[in-house]
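Chemist: Sequence and computational prediction follow.
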Amino acid sequence: KNVRREITKISQGIQSPELQSRLGSDVYLNKTKGSDNRLLNADYVKDERIITTGKFYALIIAVQDYSDDNIKDLDFPINDAEKLYNVLTDNYMFKKENVKFIKNVGKQEILQELDHFNGIINEDDNFLIFYAGHGYYDESFKQGYWLPENAIKDKRGTWLSNSIIQDYLRGIPSRNTLLI
């Protein structure tokens, strides 16, 4: 179901010449119900698909408790991820049923979720992935890794490589993808 957006051109009603010149001639205000009345430029408004089509999906991953005693637990990943979840679902066009928040999960669970999103996202949709947890860059392999909950120190096979994440990003047919 497409979301109807209410966009109003506001630059014509601006009295201050200084403000008018800084904003330009084509500035619009997003007055959609539930929006934050954000200013939009003309390029954004002209592309109807950005405004009216596609769903917004998110995979939020937080790992702060590690099963390997040799990997230090973290204090804030779950808290940070919960804040992002709330911002996305309360202030943006992310419906709760399209946002998956997983906590303290292993490599297989992360890959299963990426497979899930690969099966439901299409070329009009938008996809955000957020990972909060330990990461590691191995200089000898020239490769970065995410450390899932079940990672074992010094055992790369238990880590999730950035190249695997890149493979998924190439395969998921979203219009826009943001990895944080």
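Modeler: Noted; the coordinates are in hand. Since the structure is predicted, the reported quantities are computational estimates derived from the model, not experimental observations. Numbers count the residues shown, from 1 in each chain.
Chemist: What segments of the chain are helices?
Modeler: 17-23, 42-46, 48-52, 77-91, 107-120, 162-171 (DSSP state H).
Chemist: Could you report the neighbour count for Ser161?
Modeler: Neighbours of Ser161 under the rule other CB atoms under 10 Å: 17. From N, CA and C alone the C-beta is placed, and that goes for glycine too.
Chemist: Need the residue closest to the centroid of this protein.
Modeler: For the chain, Leu128 is the residue whose C-alpha lies nearest the centre (CA atoms, centre = their mean; 2.2 Å).
Chemist: Might one say that that residue is in contact with Ala81?
Modeler: No - judged on CB atoms under 8 Å, Leu128 makes no contact with Ala81 at a distance of 11.9 Å.
Chemist: what sits against the residue nearest to the centre of the chain?
Modeler: Going by CB atoms under 8 Å, 6 or more residues apart in numbering, Leu128 touches 56-59, 88, 94, 177-180.
Chemist: Please produce a markdown table containing those, extended by pLDDT and neighbour count.
Modeler: Shown next, in a markdown table, are those (pLDDT from 0 to 100; neighbours: other CB atoms under 10 Å):
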| residue | pLDDT | neighbour count |
| --- | --- | --- |
| Phe56 | 95 | 19 |
| Tyr57 | 97 | 23 |
| Ala58 | 97 | 23 |
| Leu59 | 98 | 20 |
| Leu88 | 94 | 21 |
| Phe94 | 93 | 19 |
| Thr177 | 94 | 17 |
| Leu178 | 94 | 11 |
| Leu179 | 95 | 14 |
| Ile180 | 94 | 10 |
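Chemist: Tell me which of these fall in strands.
Modeler: Among the contacts of Leu128, DSSP state E puts 56-59, 177-179 in strands.
Chemist: Quick check: the closest residue to Phe76 other than its chain neighbours vs Ser140, distance?
Modeler: Among residues not flanking Phe76 along the chain, Gln64 sits closest, at 7.1 Å (CB to CB, 6 or more residues apart in numbering). Separation of Gln64 from Ser140 (CB to CB, to the nearest Å): 27 Å.
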